[in-house]
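predicted model and sequence follow; I will ask about them next.
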Amino acid sequence: MQSFLNHVVKDVQSKLENISDLTFILPSKRAGIFLKNIIKSTLHQTTILPEIINIEEFIEELSTINSINTTTLIFEFYSIYRKTTPKGKIDNFDDFSKWAPLLIQDFNEIDRHLIEPNYIFSYLTDIKRLEELLKGEQKTDLILNQIQFYEKFEGYYNALYSHLLENNVGYQGLQYREAAKNIQHYIKNTNKRVVLVGFNALNKAEEVIFEKLLDNNIATIYWDIDKYFYNNNHSASTFIKKHEKKWNYFNKNPFTWISDNFSSKKKIEIIGTPKDISQLKYTGEILDKIKSSTKNFTDTALVLADENLLTASLNSLPQSVENVNITMGYDLKNIPLANRFEQLFKLHIHNKKDAFYYKEILNILNHFTLKSIFKNSTIVNDLVYKIASNNYTYLTKSSLVKLSNGNTEFEPIHFLFDNWQNNANTAIGNCLTFIDLILEKTEPNQLEKEYLYRFYTVFQQLSNLNNKFGYLNDIKTLHQFYLNIIKTEKLSFKGEPLSGLQIMGVLETRVLDFKNLIITSVNEGILPSGKSDNSFIPFDIKREIGLPTYQEKDAIFSYHFFRLLQRAENIYLLYNTESDSYGSGEQSRFLTQLEIFKEKEVKIFVVSPTVQKTNNELKEISKNEIVTKELKTLAEKGFSASTLNNYILNPLAFYKQKIIRIKEIEEVEETIAANTLGTIIHKTLEAFYKPYIGKYLTKEFIIEMKGSISIEVKKWFEIEFNNGNITTGKNLLVYNVAQQFVSNFLNHELEVLKQGFKIKIVALEEPLEIILTIEGLEFPVKFIGEVDRIDELDGITRIIDYKTGKVEQKDLNIKDWDSLTTDYKKHNKSFQVLFYALLYTESNSIDLDVHPLESGIISFKNLKSGFLKVNNSTTSKEDLNNFTDELKRLILEIFDNNTSFKEKDSPFTPW
């Protein structure tokens, strides 16, 4: 395969013996490196290489205007905007920066295409006026403001253009307009010949410049178009055919350099894959296949139509790829350090009265960058634990310092929690200090140092701009500009550009050719990109005055795509078959066209990753001497109803909690949890009823309690929901629910008393315990529990358990006693109250034939059902005997060395 650049060099050398005085102008820098290498390979003696530059460098030289970066341009534009706008109508810098980049983009297009600015802006304003007249609507302030906004475009443009010229800087469009003005001067004063290589779509300024150079016999131009597309009027030939038709130069000179490569036989595979990552994984398989047939990847390119996949593609390269050259930059926004600063900005943007949200503090503290600063890693862990254990949702800097116990190792990061809200310079300075701290306290590798350096330059640039202009007044505006910079700035990769696999974006492929070609994300909406043309200038006006629209952009990418295929021999085109928020799952129209053009050579198929079947085996822990010893210790301390229910639910969870004592990670309770709500209601009722233990309740007692509901509930919220906020949001709702629950319960009690029943409070939160000797065990077993309430209703003793959730009578019915200790979902509530009944009767030697007993639940979400009893009746001796038998059987199972702790499949989780 002979590349296009090889052809160009061969042709130039056949016409000129000495090419040292030539200037080659190409579409990109990357192409210049390849051209230089080709020229060097043809030389047989020492000589001076010709000048090789890209079009942007040539335009800058021709215009004599230095380029200005986008961020600085917005600052310069704002200074002009402030001067040309009445004081009362000036947008703040944050609002200005939201529409200014779009207007600058329009200025850029207008200048690149040499549109008369006065004409376009007057025309645009007139169109806006006509639109409002045709609508026939009353002119509101909003409509008038919009028209006035458009009327100011011309003034903004002229003032900015003049200001930038005075400072000898400019955006690309300004450089192009000035270059077009200076071309005649360049022609008169140059003694070099220019070689224009591989251009296609040209803006009006480039057309003027190229035509002048050609007409004055200073330049030679080399097109790269295949006759298949040229003869068939394909969109790939749109611009080249337009130049041939309109340029006077081609009336006198033949239009040459129409190649015939596309018709040669090729191996083409169009591959559909589900999801982007599958494309990249399959790309690895393709590369392995290419490696098996070639020594290296010198003639191989991986083209990423979606450049956001660069990171994933690098991680998916097979081991057979030893050398890689990446022509595209790595977006700073994708570097891990970007997340570090994003977290810092969020921390301070969401600052409330100098207090920071705990989750954002934890994000900062738990980040590996910060942890690596401390020699003692427990400093951070201890601080995180204290935040959770004290249930802080918002913390000030002083609170954090206090929680760290004044540890001097924590001092280096105190500045991260200074107030940045209204001082952008402080924020920038602290970000720079943080970078210095990382360099000082950690040992970053070479790549990490490069990351730090790039972010240092970003914040230094923002610092310089703010020192000069002073427009960044608050953290939100600073954050906006920070995001704008890291979205556009890239980390350049350094390597050997001519060896190994080439990974590049579509635009980097201009004028380059490869034998083996892999292109990913060939989807509609990506290649071509579709109708994504943000502008203040409507589509119809753009068409009329000659500004490019999405239609021209589609034709540009059509050229890039099919030109790249012309000389390739092995072509692999991958697209995402899945529809999601990022794409339609539709293959690009270019692939559909290719299927027609190369019908007999195209192989089409869909691949999907092999799904590995995983067997989720349930875990099982066998018992040994250590486990048996821990169980005996537990038997001495006492089994509670919740412990035994936990075993019934999932024996493995019981093992983790009671045998090896794994505690749940303590977390900040931001929203009141169900168990906390239950505790608060229990504590409130205990406080209300405690003075009446041993007494009969009266209606007056209950009415007195009702008057203190708000105070008592609030007191227990403050105790149980430590440092929590109950004044807003869900917590306020839960707080009101708690008051309502207590109020409803007291109303229920009052209604019972009004009906003539007598209630005597016997005990509250009564601790109970018994010791049973179980046949088969050599030691006794203790059982412990705490009953919410024991009372007497008309002489019948009741064992009552409060439930804040909804409980129905069916939850307390027992039809099959054998399932009591095996079916948690059905019987966990009846197991608990019968457990308490057993403890109460045994510890107090109660004869149920003499003293009837009822065991049950009062459900706060089902108060209308009243007291729900086990089997809806009194608890008999038979009931307790059956329960005792099942309890003993359960204990024997727990202590049986041959019965392991087995994980239960999808265990029921109680509310």
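Arrived safely.

so, low pLDDT: which residues of the stretch 1-150 of the chain?
Residues of the stretch 1-150 of the chain meeting the criterion pLDDT under 70: 1, 132-144.

centroid residue for this structure?
N339 (9.8 Å; C-alpha atoms, centre = their mean).

not counting its neighbours along the chain, what's nearest it?
H367 (8.0 Å; C-beta to C-beta, 6 or more residues apart in numbering). Glycine gets a C-beta too; all of them are placed from N, C-alpha and C.

from what I can see the one you found touches L337, true?
No. Taking contacts as C-beta atoms under 8 Å, H367 lies outside contact range of L337: 10.1 Å.

show me the contacts for Y575.
Contacts for Y575 (C-beta atoms under 8 Å, 6 or more residues apart in numbering) come out as 270-273, 279, 521-523, 587-588, 591.

whoops, I mixed them up, L527
With contact set as C-beta under 8 Å, 6+ apart, L527 has these partners: 305, 506, 519, 521, 557, 561, 588, 590.

tell me the pLDDT at it?
The model reports L527 with a pLDDT of 87.

is it true that it lies in a strand?
No. Using DSSP: H, G, I helix; E, B strand; the rest coil, the assignment for L527 is coil, not a strand.

what about it, distance to N232?
20 Å (C-beta to C-beta, to the nearest Å).

so what's the residue nearest to N339 scoring on pLDDT?
So H367 comes in at 75 (pLDDT).

from F24, how far out is it?
49 Å.

those two: who's more crowded?
Higher neighbour count among H367 and F24: F24, with 25 against 16, using other C-beta atoms under 10 Å.

could I get the phi/psi values of the more buried one?
Phi and psi for F24, reported as degrees, to the nearest 10, are phi -90, psi 130.

buried set for the longest helix seen in the chain?
In the chain, with assignment by DSSP state H, the single longest helix is helix 729-754. By 16 or more other C-beta atoms under 10 Å, the buried positions in helix 729-754 come out as 731, 734-735, 738-739, 741-742, 745-746, 748-750, 752-753.

so what does whichever helix or strand comes after that helix touch, helix or strand wise?
Sequence order places strand 759-772 as the next helix or strand after helix 729-754, per DSSP states H and E. Using 3 or more C-beta pairs under 8 Å, 6 or more residues apart in numbering; DSSP states H and E, the elements in contact with strand 759-772 are helix 674-689, helix 729-754, strand 781-793, helix 824-843.

next, the angle helix 824-843 makes with strand 759-772.
If you take axes from the mean of the first three to the mean of the last three C-alpha atoms, to 10 degrees, strand 759-772 sits at 90 degrees to helix 824-843.

kindly export strand 759-772 (C-alpha atoms) in PDB.
In PDB, the C-alpha atoms belonging to strand 759-772 read as follows (Å, rounded to 0.1, in the frame of the first residue of the first chain):
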ATOM      1  CA  ILE A 759     -56.200  -0.800  83.500                       C
ATOM      2  CA  LYS A 760     -53.500  -1.300  86.100                       C
ATOM      3  CA  ILE A 761     -49.900  -0.800  85.100                       C
ATOM      4  CA  VAL A 762     -47.800  -3.700  86.500                       C
ATOM      5  CA  ALA A 763     -44.400  -3.000  84.900                       C
ATOM      6  CA  LEU A 764     -42.700  -1.100  82.100                       C
ATOM      7  CA  GLU A 765     -39.600  -2.200  80.200                       C
ATOM      8  CA  GLU A 766     -39.400  -5.000  82.700                       C
ATOM      9  CA  PRO A 767     -36.200  -7.100  82.500                       C
ATOM     10  CA  LEU A 768     -36.900 -10.800  82.800                       C
ATOM     11  CA  GLU A 769     -34.700 -13.900  82.900                       C
ATOM     12  CA  ILE A 770     -35.000 -17.600  83.500                       C
ATOM     13  CA  ILE A 771     -32.700 -20.600  83.400                       C
ATOM     14  CA  LEU A 772     -33.700 -23.800  81.800                       C
END
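
residues touching that strand, excluding its own?
By C-beta under 8 Å, 6+ apart, strand 759-772 touches 638, 682, 685-686, 689-690, 692-697, 749, 752-753, 780-793, 797, 836, 838-840, 842-843, 884, 888.

so where is the stretch 601-750 of the chain shaky, pLDDT-wise?
Applying pLDDT under 70 to the stretch 601-750 of the chain picks out residues 611-612, 614-615, 664-672, 722-725.

what about the strands in it?
602-606, 620-621 (DSSP state E, counting those that start in this stretch).

of all those, which lies closest to E443?
strand 620-621 (41.8 Å; C-beta to C-beta).

given that closest one, what are its sheet partners and their directions?
Applying DSSP bridges, strand 620-621 is found paired with strand 901-902 (antiparallel).

how far does the partner strand sit from its chain's centre?
What separates the centre of strand 901-902 from the centre of its chain is 39 Å, taken as C-alpha atoms, centre = their mean, to the nearest Å.

swap in stretch 318-327?
When distances are taken as C-alpha atoms, centre = their mean, stretch 318-327 is centred 28 Å away from the chain's centroid.
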